[in-house]
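J.: sequence-free structure coming up:
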């Protein structure tokens, strides 16, 4: 019984850590989206679903698009992409 409790407690803690990490990443990247995108794109969730594919394919598609769409700085693009992929999860 104790083994089951410890296993479930470990699983719950891992899930909380993953969720907290996603929240931290999103909140650290959100200002880039707000500064560069939110004037025209008020709903990041709709922008986040603009491209299909796995996460790596979507990163590449967002990067190609954003390089010609008001986000020429690669560091800014990376933050915006990180935020959008987090929002889409």
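T.: It's in. The structure presented is a predicted model; accordingly, all values stated were derived computationally and were not measured.
J.: Show me where the protein has its helices.
T.: Counting by DSSP state H, the chain has these helices, from start to end: 2-36, 44-48, 55-66, 74-88.
J.: Remind me what the last one packs against, helices and strands.
T.: In terms of contact count using 3 or more C-beta pairs under 8 Å, 6 or more residues apart in numbering; DSSP states H and E, helix 74-88 is assigned the packing partners helix 2-36, helix 44-48, helix 55-66. The C-beta positions use only the backbone N, C-alpha and C, and glycine is treated the same way.
J.: and for stretch 81-89, what are the contacting residues?
T.: 22, 25-26, 29-30, 32-33, 44-45, 47-49, 55, 58-59, 62-63, 66 (C-beta atoms under 8 Å, 6 or more residues apart in numbering).
J.: What's the ChimeraX line that selects buried ones from these?
T.: Those of these that count as buried under 16 or more other C-beta atoms under 10 Å are selected in ChimeraX with:
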select :26,29,30,32,33,44,47,48,58,59,62,66
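J.: Hmm, residue 36 is touching residue 71, no?
T.: Yes: contact status for residue 36 versus residue 71: in contact at 5.6 Å, counting by C-beta atoms under 8 Å.
J.: Between the two, which contacts overlap?
T.: Overlap of the contact sets of residue 36 and residue 71 (by C-beta under 8 Å, 6+ apart) consists of residue 80.
J.: between these two, which one's more packed in?
T.: Per other C-beta atoms under 10 Å, whichever of residue 36 and residue 71 has more neighbours is residue 71, with 22 against 19.
J.: who touches the residue nearest to that one when sequence neighbours are not counted in this structure?
T.: Nearest residue to residue 71 in three dimensions, chain neighbours excluded: residue 77, at 4.7 Å (C-beta to C-beta, 6 or more residues apart in numbering). Going by C-beta under 8 Å, 6+ apart, residue 77 touches 62, 63, 66, 67, 71.
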